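In: Got a predicted structure here, sequence first:
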Amino acid sequence: MNRQPPPLFTATTLLGGPLPAAAQHAMAVSGTGPVSDVRSLMTGRPAATIPHSTPADVLTAIATAALARQMWSQSSAGCRRNVLAGLHTWITRHRTYVCALLAHGSGLCGADATAESRDARRTVRQSRTRPDPLAFIRRQPPQPPGTVATHADDCRPLVSLLEAAVPALLNGSAVISHVSPRTAVLAARLCAAATASGLPPGTWQMVVAAPGSLTAAVLDEHVDTVVPRCCPETTPGTRRPGLLVVRHDANLRTAVTQARHACFGRAGRGCTAAPLVVVHDRHHDALLSRLTATAARLPAGAMSCLPGSRPSESFAHFVRCVTADGPFRPVLTGTPRPDISPYLHEAVVATAALDPELPATVPPGPLALVMRYSHWSDVLALARHTGRHTTLITNARSGYLTGQFACLAANDIHINRHPRHGQKAAIL
């Protein structure tokens, strides 16, 4: 378990400088795979050099985890909770540094990074106080300790790491988290903090690889248990974004507030982002006017960034299509702001007619696409082509409406409150 630190693993002062040995030992990389040069999403300056894991590195990490699990599973429940208490303390004391990692590595603005840090502390705290740790992410009896694979989400890297790893660690399992190069430094720091709190080395390791890569597939194939991401990565043209529906009996103030979070929060990147806002005839004009005014007041410097040049170019191209002749009518056309950040784009508001083929063409970004509907059946028809996350703004009873989505993809339905994070995935 005393591996040499992997070569070419460096971090600049933007990410806190060189990593401690414990953080480097937590990375399951040998230096024989490809190397990524990570740049800050806020400034565009070099931030880190991260080597990728190979399938051979994954098999070595699984063998190391099996040895470490023997020691960890024999520890008492109180000892495990004390280790997680130390991790909670580290996140609390270093929240300014954690927010800087979230800003440069994931492009989260100050408000979004603060919310991510706060939700991470809540995740650890709630997991420690529940009698059945694994019930935090699934409503089933706990399984015997084993090796658990988890997958982090770059849009919510801290919470996605902890909400899957913490319950498994409390159960006595060893965890191998699959992270992208952008999340690697943050994940390594978390592992080092847990090790300093008493976690045996090798109990929590990181595999660095792109989502959907062969390395990630090898990890899922050889571990005992897999905790997948809330929503898998999609290819261009197959995206199923979230949906926000404003019914005829909705409160307009609540609708505008939740639409702002759903469309512009975290630059519209997460799987819970709902760029499609379907509004009943009764509220369409008023909501469009208020939402446009709200988006126009959003300061560009207080918005999160898109995750790199390719997503930024894709969203900018979509905005150009919105302003040209087509199915869209632009209301507020934001522009890229390279003077603030190379991957920052202002909020965009447009209108369109209900079209089942529209959701797949909408790229991630700070976008509100407002559509009018008259008949509830039109909303259900559109929902056949959207994702699992749906928000309904209404005064009707939830049981009356949620049942109508039973045969559709939407299985995470919220009433009058848009979720900040995705639904916690069940253990497979």
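Out: Cool, got the structure. Residues are numbered from 1 along each chain as shown.
In: Not counting residues beside it along the chain, what's closest to Pro356?
Out: His385 (4.9 Å; CB to CB, 6 or more residues apart in numbering). (Each C-beta comes from the backbone N, C-alpha and C, glycine too.)
In: residue boundaries of the strands in this structure?
Out: Taking DSSP state E to define them, one finds strands in the chain at 10-11, 35-39, 46-51, 147-151, 174-179, 204-208, 225-227, 243-246, 276-280, 328-332, 348-352, 367-373, 389-393, 412-415.
In: Check which helices and strands the last one is in contact with.
Out: Right, the one you point to is strand 412-415. Applying 3 or more CB pairs under 8 Å, 6 or more residues apart in numbering; DSSP states H and E, we find strand 412-415 packed against strand 389-393, helix 398-402.
In: Only the buried residues of the last one, if you could.
Out: Buried residues in helix 398-402, counting neighbours by 16 or more other CB atoms under 10 Å, are found at 401-402.
In: next one: stretch 407-420
Out: For stretch 407-420, the buried set under the neighbour-count rule, 16+ other CB under 10 Å, comprises 408-410, 412-414, 416, 418-420.
In: same question, stretch 326-334
Out: For stretch 326-334, by 16+ other CB under 10 Å, it's 328, 331-332, 334.
In: With stretch 231-251 instead?
Out: Buried residues in stretch 231-251, defined by neighbour count with 16+ other CB under 10 Å: 231, 239-247, 250.
In: from those residues, which is closest to Ala259?
Out: Top of the list for closeness to Ala259, among these and by CB to CB, is Leu244 at 5.9 Å.
In: now that closest one: how far from Val58?
Out: Going from Leu244 to Val58 by CB to CB, to the nearest Å gives 39 Å.
In: cool, and Pro330?
Out: According to CB to CB, Pro330 stands 47 Å off from Val58.
In: swap in Leu332?
Out: Here Leu332 is placed at a distance of 46 Å from Val58 (CB to CB).
In: And the helices and strands packed on strand 412-415, which one averages the lowest pLDDT?
Out: With a mean of 78, helix 398-402 has the lowest mean pLDDT of the helices and strands packed on strand 412-415.
In: helices or strands next to it in the packing?
Out: Partner elements for helix 398-402 (3+ CB pairs under 8 Å, 6+ apart): strand 412-415.
In: Which residues does the strand it packs on contact?
Out: Residues outside strand 412-415 that contact it (CB atoms under 8 Å, 6 or more residues apart in numbering) are 388-392, 394, 398, 401-402, 405, 419, 422-423.
In: Between those residues, which sits nearest Val207?
Out: For the contacts of strand 412-415, the nearest to Val207 is Gly422 (20.9 Å; CB to CB).
In: Bridged to His414, which residues?
Out: Applying DSSP bridges to His414 yields these beta-bridge partners: Thr391.
In: neighbours of Ala381, just the number please.
Out: By the criterion of other CB atoms under 10 Å, Ala381 has 14 neighbours.
In: Now it. Nearest residue, chain neighbours left out?
Out: Pro356 (6.5 Å).
In: contacting residues around the one you found?
Out: So Pro356 contacts 381-382, 384-385 (CB under 8 Å, 6+ apart).
In: In the chain, where is pLDDT below threshold?
Out: 1-8, 128-143, 234-237, 325, 420-428 (pLDDT under 70).
In: Show me how the record splits it into domains.
Out: 10-227, 243-415 (automatic domain parsing).
In: Tell me which of those sits most buried.
Out: Ranked by mean neighbour count, these are led by domain 10-227 with a mean of 20 (mean count of other CB atoms under 10 Å).
In: Can you get me the start-to-end distance on that one?
Out: Counting by CA to CA, to the nearest Å, you get 29 Å between the two ends of domain 10-227.
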